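In: any chance you can model this:
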Amino acid sequence: MLKLLLFYFLFFSLPFYAQNSFQSTFEKQRNLPIFSKNDPHTFSERNLVILDKNYSDKNSNQWLINPLMPNNNEPSSDFSSLLLKKQLEELNHITPFEISHNPTLERFIRVYLNDRKESISKLMDRATYYFPIFEAYLDKYNLPLEIKYLAVIESALKPNATSKSGAKGLWQFMLTTGKQFDLQVNSYVDDRFDPLKSTEAACKYLSSLYTMFNDWDLALAAYNSGPGNVRKAIKRAGGKRNYWEIRQFLPQETRGYLPAFYATYYIFEYAKTHQLEPTNSALTYYEIDTIHVKKQITFASIQKNIPIKKELLIALNPQYKREIIPYSKNQKYVLTLPKNLTTIFIENENEIYQSSQTKSHQTQRIEITKNNSYIVEKGDNLNKIAAKYSISLEQLKLWNGLQTDYLITKQRLVITNKKQKQHAIK
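Out: Numbering: from 1, shown residues only. Modelled structure (predicted):
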């Protein structure tokens, strides 16, 4: 799986460097109000920061695309290599990962701290929402909780992140790998974008990789480049199985994958030490709930009956590709909303389903039959056919689900939405 990255941060000037993790800062966010003062039913702009307001930017982290090059900023003289070595040793005592100081890891940490400042607050804001999800599933599968930082490397915690290679979601699953771990992908739904389902799939995949290599460093490397590339690197290294010893034989992206992961782990755990913290965005995972839909519904109908911004509705339900939640007797589909709005949904449930049904009927393409269709002849075009049967071009394209004006000879097109034919049809 090909991936991506970006991040962080501010100067650090504290004279003492006792560990103070991001988690302690996160705990302070839970009781913040999630509605604006002017309108108790409308979310404030602050809430959108957590889930990345700019959803037009679907690229995940750009770090793996661009070389990690330090600028001319001078690092703080108080932050010595000896201090960093001590802090990494402290982390090593509380994790199953093998964390040790080396020049490569130190370089990553220093470049992040000096050059990647702008993104850190948003990144930590998103973490307040997504980390509880990750931790719950990691605990369920008895995996190290530190793996939650892997999603930072994979997608910068953007649930709709898409790589150039086609990997998608928080955990950057390719289509075939996602299906292998029960992620559904169809015209309406892409479970790779679903935070809950994709996280569970990632846990299953990582569990299988650890079983394969019996080493977490190698398991993470295999998550990035595939187990085949890791096996090749081990063979080229003469059978050595230490990541740092086989690193030179791995794909270029994977050579930076583990250092980036450990650097991210370190920075989040020592965030307060370096004066880094979230910007106090309000919405957290503990303040949302899910509703099992009983019929197909559209986002437009939900917005019509519930005071929620479109950006937030999409951010909470990124798996629905067409802003439509389908319904199936054999498959459960859920709508995610802030808890405060679930009551409003229930109160307006009938209206939401009714308006969604009307909208669906208005936009649904019509099934082709012999009596409602026309066979395209050489020289035909959509305008000509629409005029021939006294319908609009928009109707013709809508009934046939056409996105372009391109036609093929002998193609059959629906030319009426009436059950009884009204024209001579060839």
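In: now do the contacts for the nearest residue in space to residue 392 that is not next to it in sequence.
Out: Among residues not flanking residue 392 along the chain, residue 386 sits closest, at 6.2 Å (C-beta to C-beta, 6 or more residues apart in numbering). Any C-beta I mention is one placed from the backbone N, CA and C, and that applies to glycine too. Residue 386 makes contact with 392, 393, 395, 396 under the criterion C-beta atoms under 8 Å, 6 or more residues apart in numbering.
In: state the number of residues packed around residue 121.
Out: Residues within reach of residue 121, counting by other C-beta atoms under 10 Å, total 19.
In: number the chain from 483, please
Out: Okay, residue one is now 483; in that scheme the one you just asked about reads as residue 603.
In: what about the strands in the stretch 783-908 of the chain?
Out: Using DSSP state E, counting those that start in this stretch, the strands of the stretch 783-908 of the chain run over 806-807, 816-820, 855-857, 894-896.
In: residue 582: which of these is closest?
Out: strand 816-820 (40.7 Å; C-beta to C-beta).
In: alpha carbons of that closest one, as CSV, please.
Out: Output in CSV follows, covering the C-alpha atoms of strand 816-820 (Å, rounded to 0.1, in the frame of the first residue of the first chain):
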residue,chain,number,x,y,z
VAL,A,816,-25.9,3.7,9.7
LEU,A,817,-26.1,7.4,9.9
THR,A,818,-23.6,9.1,12.2
LEU,A,819,-24.8,12.3,14.0
PRO,A,820,-23.8,14.3,17.0
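In: could you list the paired strands of that strand along with their orientation?
Out: Strand 816-820 has the following sheet partners, assigned by DSSP bridges: strand 770-774 (antiparallel).
In: which non-adjacent residue is nearest residue 803?
Out: Counting by C-beta to C-beta, 6+ apart, residue 803 lies nearest to residue 672, which is 5.6 Å off, once chain neighbours are set aside.
In: wait, what's in contact with the one you found?
Out: 650, 651, 665, 666, 801, 803.
In: next, find the distance separating the residue nearest to the spatial centre of the chain from residue 666.
Out: Nearest residue to the geometric centre of the chain (C-alpha atoms, centre = their mean): residue 641, 1.5 Å. For residue 641, the distance to residue 666 (C-beta to C-beta, to the nearest Å) stands at 16 Å.
In: and what of residue 815?
Out: Residue 815 is 10 Å from residue 666, by C-beta to C-beta.
In: who's more crowded, the two?
Out: Neighbour totals were compared for residue 815 and residue 666, and residue 815 leads with 20 against 15 (other C-beta under 10 Å).
In: can you check the pLDDT for the more buried one?
Out: Looking at residue 815, its pLDDT reads 95.
In: for it, give me its contacts.
Out: Residues in contact with residue 815 (C-beta under 8 Å, 6+ apart) are 671, 774, 775, 807, 808, 809.
In: disregarding residues adjacent in the polypeptide, which is nearest to the first one?
Out: Once flanking residues are discounted, residue 671 sits nearest to residue 801: 5.6 Å by C-beta to C-beta, 6+ apart.
In: give the burial count for residue 837, as a bare number.
Out: Residue 837: 18 surrounding residues under other C-beta under 10 Å.
In: check residue 633 too.
Out: Counted with other C-beta under 10 Å, the neighbours of residue 633 add up to 29.
In: and the closest residue to it other than its chain neighbours, how far from residue 608?
Out: Distances taken as C-beta to C-beta, 6+ apart put residue 652 closest to residue 633, at 5.0 Å, once the chain neighbours are dropped. Separation of residue 652 from residue 608 (C-beta to C-beta): 10 Å.
In: can you check residue 743 too?
Out: Separation of residue 743 from residue 608 (C-beta to C-beta) stands at 17 Å.
In: report pLDDT for the closest residue to residue 730 other than its chain neighbours.
Out: Using C-beta to C-beta, 6+ apart and skipping the chain neighbours, the partner closest in space to residue 730 is residue 737 (7.3 Å). pLDDT for residue 737: 93.
In: and residue 737, its phi and psi?
Out: Note on residue 737: backbone dihedrals following degrees, to the nearest 10 are phi -70, psi -30.
In: quick check: residue 682 touching residue 619?
Out: Yes. With contacts counted by C-beta atoms under 8 Å, residue 682 reaches residue 619, the gap being 5.3 Å.
In: shared neighbours, these two?
Out: Joint contacts of residue 682 and residue 619 (C-beta under 8 Å, 6+ apart) do not exist.
In: returning to that earlier point: please pick the buried ones from the contacts of residue 868.
Out: Among those, those buried by neighbour count (16 or more other C-beta atoms under 10 Å) are 877, 878.
In: between the contacts of residue 868, which is nearest residue 718?
Out: residue 878 (60.1 Å).
In: and for the closest one, nearest residue in space, chain neighbours not counted?
Out: Among residues not flanking residue 878 along the chain, residue 868 sits closest, at 4.7 Å (C-beta to C-beta, 6+ apart).
In: after the helix or strand where residue 701 lies comes which helix or strand?
Out: Using DSSP states H and E, residue 701 maps to helix 698-707. Scanning forward in sequence from helix 698-707 by DSSP H and E, the next helix or strand is helix 709-718.
In: now do the contacts for the closest residue to residue 655 other than its chain neighbours.
Out: Among residues not flanking residue 655 along the chain, residue 674 sits closest, at 4.6 Å (C-beta to C-beta, 6+ apart). By C-beta under 8 Å, 6+ apart, the contact list for residue 674 reads 650, 651, 653, 655, 657, 660, 665, 667, 680, 801.
In: which one of those residues is nearest to residue 858?
Out: Nearest to residue 858 out of the contacts of residue 674 is residue 667 (C-beta to C-beta; 31.5 Å).
In: quick one: the closest one and residue 810, what's the gap?
Out: From residue 667 to residue 810 the distance is 15 Å (C-beta to C-beta).
In: show me which of the two is the more surrounded one.
Out: Neighbour totals were compared for residue 667 and residue 810, and residue 667 leads with 17 against 10 (other C-beta under 10 Å).
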